[in-house]
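Trainee: okay, predicted coordinates and the sequence, questions at the end:
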Amino acid sequence: MTVQQIQVRLFARARELANSDLISVQVQEGTTVARLRQALAEQVPELQPLSGQLLIAVDNAYAGEDQLLTETQEVACFPPVSGG
Amino acid sequence: MTVQQIQVRLFARARELANSDLISVQVQEGTTVARLRQALAEQVPELQPLSGQLLIAVDNAYAGEDQLLTETQEVACFPPVSGG
Amino acid sequence: MKTDSISITDQPIDYAAITEQVRSNECGAVVLFMGTVREMTAGKQTVALDYEAYPEMADQMLQQLVDEARDQWDVHAISIEHRVGHLTLGEISVAIAVSSAHRKEAFEAGRFLIDRLKEIVPIWKKENWADGTTEWVHPEIEAK
Amino acid sequence: MKTDSISITDQPIDYAAITEQVRSNECGAVVLFMGTVREMTAGKQTVALDYEAYPEMADQMLQQLVDEARDQWDVHAISIEHRVGHLTLGEISVAIAVSSAHRKEAFEAGRFLIDRLKEIVPIWKKENWADGTTEWVHPEIEAK
């Protein structure tokens, strides 16, 4: 299978832990949000303190675990929100 | 029994109907709010359109029907409120 | 600790001043309610409202409402101002500001205060309809 | 008919401007909610909060909240502004104004909007405690 790079924007504590606001994660083509989550855990161990808490958004909307990802989508990863 | 005069302040539509913001009502000494109501109906027939709706306040508080009245108290009579 | 404030005024209401009276570093929430003069009521057009108060008693009743709100909610400060006189469309007839540590209390106390104000505070309004007639608004006899 | 307004800003919030955006002769009620930076949280002293947003998604989520509120209540206009950056004690982090013909809708929609904002809009705050430490606030992991 073809490997692809997914760019993931990070925010708040996720950004601080990874010390970057944009990381590249390597996944199999046709991957899902759930598999991206696994790849993040393996390739960006700095995020471990937020393990199980991280939310994934695709194209500015919260993503379901089975949602398929492509390289052209905007993907973001962040902790539970605390605005207001 | 001694007759006494009770000064009654009027507001809003009651004031307009009576064409006065202060009227004098004649009652028996030691009268109650309920008797004042009767005296008002007899002596100020202009208030008839508000009959049954009028509220009585004594010393800036809503008065119960059995409350006794004296000449030194401030008495007021007005329709249901509609502020806000 | 801020003190509460209640007033009846014949001047335009400065809602920012009312709001500033309740703001504090002790609070995470401020709720401001304003009543404004609405043009259409039940299909009839208004051009103005005249408000009349029994000012001494209105002060007492407003103070009673503040006490009732404080009995029920942990609020930091309350400020209430009600206007009297001739108000044209869009003008503010009443402003109620409540501050509290958390939002629940400010919302609930604010709602309570305006609901109760309309029940017990001796203030009355008279509609000036667009057809030139006037009409006192009295909730219990509105159906007539 | 007024249009709704949503914005994320790094400038101080002018709540009077937010309020004026929703006022109208068609309305009898305006409710303004403001979140402000509170000094004490669970016995700990804050000196400032840093707010960070995912701005593009926050705009989308705020628009979704406005749509949800309009599905549920007959409101006239909604204006929401959320601030980001470094906020000191007492400063306004969020302002939500809602106008409607009658007060019930403005209160209920206002409460709904701030409750939902705190659930879904991608904005985060970091406490700057008085002891010099900082801490991201994340509701589900606060208990740690």
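Mentor: Great, that's in hand.
Trainee: quick check: residues of chain A near chain D?
Mentor: A:9, A:11-13, A:15-16, A:50, A:53, A:57, A:60-62, A:74, A:76, A:78-84 (CB under 8 Å from any CB of the partner chain). C-beta coordinates here come from the backbone N, C-alpha and C atoms, glycine included.
Trainee: now, those that are in helices?
Mentor: Cross-referencing the residues of chain A next to chain D against helices under DSSP state H gives A:12-13, A:15-16.
Trainee: got a markdown table for the residues you listed, with pLDDT, neighbour count and distance to chain C too?
Mentor: Formatted as a markdown table, these follow (pLDDT from 0 to 100; neighbours: other CB atoms under 10 Å in any protein chain shown; distance: CB to the nearest CB, whole Å):
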| residue | pLDDT | neighbour count | distance to chain C |
| --- | --- | --- | --- |
| A:Ala12 | 98 | 26 | 20 |
| A:Arg13 | 97 | 25 | 21 |
| A:Arg15 | 98 | 20 | 25 |
| A:Glu16 | 97 | 16 | 24 |
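Trainee: adding distance to C:Asp10, write these out as TSV.
Mentor: Output for those, formatted as TSV (distance: CB to CB, whole Å):
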residue	distance to C:Asp10
A:Ala12	51
A:Arg13	54
A:Arg15	55
A:Glu16	56
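Trainee: which of the residues you listed sits closest to C:Ala17?
Mentor: When those are ranked by distance to C:Ala17 (CB to CB), A:Ala12 comes first, at 36.5 Å.
Trainee: mind listing what that closest one touches?
Mentor: Shown in contact with A:Ala12 (CB atoms under 8 Å, 6 or more residues apart in numbering or on different chains): A:78-79, D:52, D:124, D:126, D:136, D:138.
Trainee: what's the closest non-adjacent residue to it?
Mentor: Once flanking residues are discounted, A:Ala12 sits nearest to D:Trp124: 3.6 Å by CB to CB, 6 or more residues apart in numbering or on different chains.
Trainee: check C:Ser5 too.
Mentor: Closest to C:Ser5 by CB to CB, 6+ apart is C:Ser79, at 4.4 Å.
Trainee: residue of chain C closest to chain A, please.
Mentor: C:Arg103 (8.3 Å; CB to the nearest CB).
Trainee: burial of the spatially closest residue to that residue that is not a sequence neighbour, as a residue count?
Mentor: Excluding its sequence neighbours, the residue lying closest to C:Arg103 (CB to CB, 6+ apart) is C:Ala29, at 4.0 Å. By other CB atoms under 10 Å in any protein chain shown, the residues close to C:Ala29 number 23.
Trainee: pLDDT at C:Ala29, what is it?
Mentor: We note a pLDDT of 98 for C:Ala29 in this prediction.
Trainee: beta partners for it?
Mentor: Assessed by DSSP bridges, C:Ala29 has beta-bridge partners C:Ser100, D:Gly35.
Trainee: would you agree A:Leu40 is in contact with A:Ile6?
Mentor: No. Counting by CB atoms under 8 Å, no contact exists between A:Leu40 and A:Ile6, whose distance comes to 9.5 Å.
Trainee: overlap of the contact sets of these two?
Mentor: A:Val25.
Trainee: more crowded one of these two?
Mentor: More neighbours surround A:Leu40 than the other of A:Leu40 and A:Ile6, with 24 against 18 (other CB under 10 Å).
Trainee: that one should be in a helix, yeah?
Mentor: Yes. Counting by DSSP: H, G, I helix; E, B strand; the rest coil, A:Leu40 falls inside a helix.
Trainee: next, count neighbours for the residue nearest to A:Ala12.
Mentor: Using other CB under 10 Å, D:Trp124 is surrounded by 24 other residues.
Trainee: that one and B:Arg35, how far apart?
Mentor: Computed as CB to CB, to the nearest Å, the D:Trp124 to B:Arg35 distance reads 68 Å.
Trainee: same question for A:Asp21.
Mentor: Going from A:Asp21 to B:Arg35 by CB to CB gives 80 Å.
Trainee: all helices for chain C, in order.
Mentor: C:15-22, C:55-72, C:103-120.
Trainee: does the second one reach chain D?
Mentor: It refers to helix C:55-72. No. Helix C:55-72 does not reach chain D (CB under 8 Å from any CB); its nearest approach is 14.8 Å.
Trainee: list the buried ones in that helix?
Mentor: By neighbour count on 16 or more other CB atoms under 10 Å in any protein chain shown, the buried set for helix C:55-72 is C:55-62, C:65-66, C:69.
Trainee: related to what we said a few turns ago, list the contacts for the residue nearest to C:Arg103?
Mentor: Each residue near C:Ala29 by CB under 8 Å, 6+ apart is listed here: C:99-103, C:105-107, D:33-36.
Trainee: reformat these as JSON lines; add pLDDT and neighbour count.
Mentor: Below are the contacts of C:Ala29 laid out as JSON lines (pLDDT from 0 to 100; neighbours: other CB atoms under 10 Å in any protein chain shown):
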{"residue": "C:Ser99", "pLDDT": "98", "neighbour count": "28"}
{"residue": "C:Ser100", "pLDDT": "98", "neighbour count": "27"}
{"residue": "C:Ala101", "pLDDT": "97", "neighbour count": "18"}
{"residue": "C:His102", "pLDDT": "97", "neighbour count": "12"}
{"residue": "C:Arg103", "pLDDT": "98", "neighbour count": "22"}
{"residue": "C:Glu105", "pLDDT": "98", "neighbour count": "21"}
{"residue": "C:Ala106", "pLDDT": "98", "neighbour count": "28"}
{"residue": "C:Phe107", "pLDDT": "98", "neighbour count": "24"}
{"residue": "D:Phe33", "pLDDT": "98", "neighbour count": "26"}
{"residue": "D:Met34", "pLDDT": "98", "neighbour count": "27"}
{"residue": "D:Gly35", "pLDDT": "98", "neighbour count": "26"}
{"residue": "D:Thr36", "pLDDT": "98", "neighbour count": "22"}
